[in-house]
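1. quick one: sequence plus predicted model below, questions after.
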Amino acid sequence: MTAQAIPVGAASAAMRPVQPAELSLPDHLADLAVEALIDEADLSPKPGLVDRRSSGAHSDMTLALMHASALALWPCLRQMAEAAQIHGEIGLPLRAALGRIGREGEAAMLAATGGVNTHRGAIWALGLLVAARALDAQADTITIAARAGRIALINDPAATTQDSHGTQVRRRYGASGAREQAQQGFPAVIEHGLPQLRRSRAAGASENHARLDALLAIMASLSDTCVLWRAGPEGLQTLQQGARNVLTAGGSTTLAGRRQLRLLDAQLLHLSASPGGAADLLAACLFLDKAGSL
């Protein structure tokens, strides 16, 4: 029996790998946001925070738990981007939708972590940024952050008053927290984190060291309410001055900088102080670094 000839074009087409369908913008933004959360968790050595070495100043968190929490937030982040596309403009309907989706995302996070608050602040920050990015496919990082700030200034009509740690710290010390950072367009990220990330890269630092330097730049400038709650103004001063000392010594790439980094880590562990606010903003920084250049 004579074999039937196969046209050359058909043969080459049959051998080509099947390409996955192109991701929608909400899918892609949710991917970037979850990647940012996982990259922040994996970054090491972070002073006082969960990383690949240890649980830092936390007794209830592990790296595996941080990963599980981040992955559980993917549907929430995708829905926030989709809501921005559906509403198409900044206003009360979009803010109300984001609030509802955020509360559902927080419930999914707590279910995945057994009730541990791993990423409540990150839901707020990344949710706003994902929605802001979804409103404009051409927006740069500053525009995305500013647009997120405009959304954050709108009160959520369904929000309930919670006497959270952040609220108590603001009342006790007059410090601004995650809400104010968002409403101001994330100045700790735009003015400190992202510029330091890019400076360190330009100076030849590895990506890990560049991200550590960005985290330290955020720590040096932020009134971290997580640290204020655990260690008061003295703890915040220790965090900010210690982070500045690392950067002044040349950053995490230098021997002198690494000595200062180890010292800061030991000081925060002694105080049982974890700079979770800075960690959330580093995740926002890593998201903006990629999302602003799509």
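-> Thanks, I have it.
2. list the buried residues for stretch 268-285?
-> For stretch 268-285, the buried set under the neighbour-count rule, 16 or more other Cβ atoms under 10 Å, comprises 268, 271, 273-285. Heads up, the C-betas are built off the backbone N, CA and C, glycines and all.
3. for those, which one is nearest residue 200?
-> Distances from residue 200 to the buried residues of stretch 268-285, taken as Cβ to Cβ, are shortest for residue 285 (12.2 Å).
4. my guess is that closest one contacts residue 195, does it?
-> No - counting by Cβ atoms under 8 Å, residue 285 stays clear of residue 195, with 10.1 Å between them.
5. returning to what we had before: and the buried residues of stretch 268-285, which of them are in helices?
-> Cross-referencing the buried residues of stretch 268-285 against helices under DSSP state H gives 268, 271, 276, 277, 278, 279, 280, 281, 282, 283, 284, 285.
6. would a markdown table of the residues you listed with distance to residue 222 and pLDDT be doable?
-> Supplementary listing: those in a markdown table, determined by distance: Cβ to Cβ, whole Å; pLDDT from 0 to 100:
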| residue | distance to residue 222 | pLDDT |
| --- | --- | --- |
| 268 | 14 | 97 |
| 271 | 16 | 96 |
| 276 | 11 | 95 |
| 277 | 6 | 95 |
| 278 | 5 | 97 |
| 279 | 10 | 97 |
| 280 | 10 | 97 |
| 281 | 7 | 97 |
| 282 | 10 | 98 |
| 283 | 14 | 98 |
| 284 | 12 | 98 |
| 285 | 12 | 98 |
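7. ok, so of the buried residues of stretch 268-285, who is nearest residue 150?
-> So of those, ranked by how close each gets to residue 150 (Cβ to Cβ), first place is residue 284, at 16.0 Å.
8. could you find the closest non-adjacent residue to that closest one?
-> Leaving out its chain neighbours, the residue that sits closest to residue 284 by Cβ to Cβ, 6 or more residues apart in numbering is residue 125, at 4.6 Å.
9. for the helix or strand where that neighbour lies, what does the pLDDT average out to?
-> Assignment of secondary structure by DSSP states H and E places residue 125 within helix 120-134. Per-residue confidence for helix 120-134 averages out to 97 on the pLDDT scale.
10. skip ahead from that helix and say which helix or strand is next.
-> Note on helix 120-134: by DSSP H and E, the next helix or strand toward the C-terminus is helix 141-152.
11. quick one: whichever helix or strand comes after that following helix to chain centroid distance?
-> Going down the chain from helix 141-152, the next helix or strand is helix 165-173, by DSSP H and E. For helix 165-173, the separation from the chain centroid amounts to 22 Å (computed by Cα atoms, centre = their mean, to the nearest Å).
12. against which helices or strands is helix 165-173 packed?
-> Under the contact criterion of 3 or more Cβ pairs under 8 Å, 6 or more residues apart in numbering; DSSP states H and E, the helices and strands touching helix 165-173 comprise helix 225-248.
13. low-confidence ranges in the protein?
-> Across the chain, the ranges flagged by pLDDT under 70 are 1-21, 161-163, 165, 293-294.
14. returning to what we had before: ok, the ones in helices among the buried residues of stretch 268-285 vs residue 172, which is closest?
-> Out of these, the one with the shortest distance to residue 172 is residue 277. That distance is 15.6 Å, counting by Cβ to Cβ.
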